[in-house]
Each structure stands twice: as structure tokens, then as C-alpha cells.
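In: only geometry, no sequence info:
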């Protein structure tokens, strides 16, 4: 089923935008002590030039990928759409503090208030806008748990783009409401690997019955985009420009913490799969550490079933299984790694954002691995104290924060990135309730 996209109009509506919606994205590249290693051409293994990425991305996003200026202005049309749900709430978790018996002051930055229910529209809207501005008519992408596919479908509906999504088969089968959500916005969703692409057919032949992986789904989406000059590929995590767009989260959190009287938190926990939510929350704090000498500790919480930061190698690797993407310097488990079909489908990626990987490699950020049982049990503790059922991905950050808070002896300030709600992921909790 397909739906005709809405009339494409990229001009601002002139509606009032909440004053606390950021006007610029923050670029960590401006403050890093060493530059992020460049992406390499998969054939020549030389640093990529803009022309190498042009078949997949609009030039404006390519320029953001290599930008070094500290702040990049957010287009007014994008800010208007952000204003539908931004600024997102920063909430003091009083009841969770009481339930844990901790002296710590716990806050959570809640991205589940977006129309889709997660942080993903922060970059989906920006990517759709720049693609539409340059004349693209269709976007392809991959998705794990489905938040990204739904977010790009949402952005496509608002900005007049067709969207075609390849969803990791294990999540496609276990999360039917995510597919319906994509279709409600006019997107088209296929299970991956599929028989619609050369990459998919090869994977089905070599891995019959596979549960799929984000690396497989990326191969399919990239293949389709590369064959049509009117189609571009859109990535929901990993790349530098995605990290950039998500920094509205951390910028808002810094202002909100200052208003609450806790301007410099002691520790920040974010879940980590490809890195977008983690970077969005932590990079503004990291930049402040680097510029001002503050000591906020930043912790990436990844699933123990897919532990790229804690057990992977820091080296160049492909972002997809078929080897169609550029080579990225990142923590990786290897492009052929197929993780178990864990409930946190959005964290099932073999690699990690090059910018996040670089920050961890420089010792600017810590990483821990959290088991599925611990994560989802922590999600229930949070739900029964604060009323919000976290997305399975977010429960990894919640688990990291709860473990830390239980051992706290001082009234330190803890911030949790609650990247989304779990309203469409309730089967993940079924064996724990």
C-alpha cells in the first residue's frame, strides 16, 4: 500500500515556536582534542570526497558530515516542526529516588513526547527537509525496532517525500504495530532480508531463516537508493550529521538543569546502539567539559548481546553486511555479526557512531554493557515509580542509572536519557510482569 505524499511546502508557516527550542545544532567536532578519523572510500580506501557521497545524500547533509564549526543554524521550517513537541521535558524522578532509597537527585530527559514516541524525529525531520530542498522525491532507510522507520515516515508525510523502509525481520515479526505506524504516515515497510533486492536475495540464500540485522537492512536500502537518481538514502544513527541533529536534546537538558539549580550533573546515562540518542544527550555536556573544565561523567549503556563499545575492536569497518557503505573508524563487532533477537531491536547494530567511538577511545566517555533481564526489570522499576513505561532501548540507560544510584552515598546529580516510550513494545515486558 502507498499513500500520495502531502503537498510539498518547505516554507515556514510563521507559527509561534517555543522560545526554548534550540536555534542551532551543536557540533562536537569543534571541541574535540583530536579530529574524528575520516570515512574512507570502500574501493580506494582513501578519504571520501563530497562527490563520493552525492549518490546517497544531499550536499547540505554531506557538508554537515564534515563540518567543523561549533554551531550550525537550524532552518526555521525544521524548528517549527520541532516546536510540535520540543522542548521535551526534563523531569525530577522524585518517586524513583524514594523507591531506590538513594540520596542522589535523579532527572530524566523524556523524548517519548514526540509524535512517534522517541528521539528519532529530531534527525528525521532535518534529513527530510534537506532532501526535499534539493529535489529528492523518495527516501529509503532501514529500521530495527521501528522508531526510526516511523520517524522518517512521519517526516516524509510533513515534508512531501515517499519513504520506503526495510525493517530487521525479528522486529518486523514481533512488533506489528510499528509497521502499521509507518503505514499510517504513508511509509512502505518490508521485512529484511527481503527478495526485493540483490543484497536481500543473496542473504536469504546464504542465511536461510535469519532473524536479520541492521547491517542487512542497510544493504537493501542503500542498494535501492543508489539505483534511482530521485531517491536518497537516510540513516537514523551512526553518521556525524545524525549526531549533530540530536544535540537539541542535550542543549535543552543543560538549560533545564540550570533552571532546576543543578547546572552541572555528576553523571549522565544514555542507551547506545548506533549512538544517536547517546550523542544527542551527552555531546553538549562533553563539549562543556572540554571547554570549561567541568567533570560530568558520561556513560554509554549498551546491550550485552551486542557490545560494540565494551567488546568490539576500534577499527575501520563497513556499516552494512554487503559492503556497500563507506568504511567507518568505529568500535565494531564485525559487519557479519548477527546479534540475538533481543527485545531492544534499536540497539542491534554491529558498530557504533565514529564520533562516539572516538570519544570513548580518547577516554572522554565510559561504556558499560547491560543484560536484557537487568534492563527490562529496571524498566519495570521505573514504570512503577514514575508511570512511564520506557522503550526497551531506554531501559539500558535506566538500569545503569539505577545501579549507580543504589550505591550513591552523596546527593550527586544523575541524568537519564529516556529516549522513548514502550507503548508499542509491550511484548518485550511480558515475561517480566
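Out: Ah, there it is. Since we're looking at a predicted model, the values are computed, not measured.
In: where do the helices sit along the stretch 51-200 of the chain?
Out: Chain-ordered helices for the stretch 51-200 of the chain, with DSSP state H, counting those that start in this stretch as the definition, fall at 59-65, 76-82, 94-100, 121-133, 147-159, 169-174, 176-184, 198-206.
In: how far away from the center of its chain is the shortest one?
Out: Just to be clear, that refers to helix 169-174. 19 Å (C-alpha atoms, centre = their mean, to the nearest Å).
In: and it, average pLDDT?
Out: Across helix 169-174, pLDDT averages out at 88.
In: and it, which residues are buried?
Out: Of the residues in helix 169-174, those buried under the neighbour-count criterion (16 or more other C-beta atoms under 10 Å) are 169, 170, 171, 172, 174. For every residue, glycine as well, the C-beta is placed using N, CA and C.
In: dump those residues to a markdown table, plus distance to residue 298.
Out: As requested, the buried residues of helix 169-174 are exported to a markdown table (distance: C-beta to C-beta, whole Å):
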| residue | distance to residue 298 |
| --- | --- |
| 169 | 33 |
| 170 | 30 |
| 171 | 28 |
| 172 | 33 |
| 174 | 31 |
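In: of the helices of the stretch 51-200 of the chain, which is nearest residue 378?
Out: helix 94-100 (10.3 Å; C-beta to C-beta).
In: list the buried ones in that closest one?
Out: Result for helix 94-100 [16+ other C-beta under 10 Å]: buried residues 96, 97, 99, 100.
In: which residues are contacting the one helix or strand in the chain whose mean pLDDT sits lowest?
Out: Every helix and strand of the chain was ranked by mean pLDDT, DSSP states H and E. The lowest is helix 169-174, at a mean of 88. Residues from elsewhere that reach helix 169-174 (C-beta atoms under 8 Å, 6 or more residues apart in numbering): 143-146, 178-179, 189-193, 210-212, 341, 345, 348, 427.
In: need the next SSE after the longest helix seen in the chain, C-terminal direction.
Out: Longest helix of the chain, by residue count under DSSP state H: helix 276-292. Downstream of helix 276-292, the first helix or strand assigned by DSSP states H and E is strand 297-303.
In: quick one, that following strand and helix 276-292 angle?
Out: Angle, strand 297-303 to helix 276-292, by axes from the mean of the first three to the mean of the last three C-alpha atoms, to 10 degrees: 160 degrees.
In: direction included, what does strand 297-303 pair up with?
Out: Paired neighbours of strand 297-303 in the sheet (DSSP bridges): strand 267-271 (parallel), strand 366-370 (parallel).
In: following the last one, which helix or strand comes up?
Out: By that I understand strand 366-370. Following strand 366-370 in sequence, per DSSP H and E, is helix 372-386.
In: next, the buried residues of the following helix or strand past that following helix.
Out: Sequence-wise, the next helix or strand downstream of helix 372-386 (DSSP H and E) is helix 394-406. Of the residues in helix 394-406, 394, 395, 396, 397, 398, 399, 400, 401, 402, 403, 404, 405 count as buried by neighbour count, 16+ other C-beta under 10 Å.
In: what distance do you get for the fourth one to residue 26?
Out: Plainly put, residue 397 is 20 Å away from residue 26 if you go by C-beta to C-beta, to the nearest Å.
In: the first one now?
Out: Separation of residue 394 from residue 26 (C-beta to C-beta): 22 Å.
In: residues touching residue 243, list them.
Out: Shown in contact with residue 243 (C-beta under 8 Å, 6+ apart): 28, 275, 276, 279, 280, 283, 353, 355, 356.
In: please apply the same query to residue 416.
Out: Counted by C-beta under 8 Å, 6+ apart, residue 416 has contacts 93, 106, 107, 108, 109, 268, 269, 270, 397, 398, 401.
In: any idea how many residues pack against the residue nearest to the second one when sequence neighbours are not counted?
Out: Setting aside the residues directly before and after it, residue 106 is nearest to residue 93 in space (C-beta to C-beta, 6 or more residues apart in numbering), at 4.2 Å. As a burial measure, residue 93 scores 24 neighbours (other C-beta atoms under 10 Å).
In: if I pick the residue nearest in space to the middle of the chain, what's in contact with it?
Out: Per C-alpha atoms, centre = their mean, the C-alpha nearest to the average position across the chain is that of residue 276, at 3.3 Å. Residue 276 is in contact with 119, 120, 123, 236, 237, 238, 242, 243, 246, 353, counting by C-beta under 8 Å, 6+ apart.
In: avg pLDDT for stretch 398-415?
Out: Stretch 398-415 comes out at a mean pLDDT of 97.
In: show me where pLDDT drops low in the stretch 201-350 of the chain?
Out: By pLDDT under 70, the low-scoring segments of the stretch 201-350 of the chain are 345.
In: show me where it has its strands.
Out: Assigned by DSSP state E, counting those that start in this stretch, the stretch 201-350 of the chain shows strands spanning 231-233, 267-271, 297-303, 313-318, 327-332.
In: between those, which one is nearest to residue 385?
Out: Going by C-beta to C-beta, the one of the strands of the stretch 201-350 of the chain nearest residue 385 is strand 267-271, 16.1 Å.
In: show me what the closest one is in contact with.
Out: 277-278, 281-282, 285, 296-302, 344, 347, 393-398, 400-401, 404, 412-417, 419.
In: 7 Å instead, please
Out: With contact meaning C-beta atoms under 7 Å, 6 or more residues apart in numbering, strand 267-271 is reached by 277-278, 281-282, 285, 296-301, 347, 393-394, 396-397, 400-401, 404, 412, 414-417, 419.
In: what of stretch 111-123?
Out: 84-85, 88-89, 147-148, 150-151, 154-155, 236, 242, 245-246, 248-249, 276-277, 280, 388, 391, 418-421, 423-424.
In: filter the residues you listed down to the buried ones.
Out: Among the contacts of stretch 111-123, those buried by neighbour count (16+ other C-beta under 10 Å) are 84-85, 88, 147-148, 150-151, 154-155, 236, 242, 245-246, 248-249, 276-277, 280, 388, 391, 418-421, 424.
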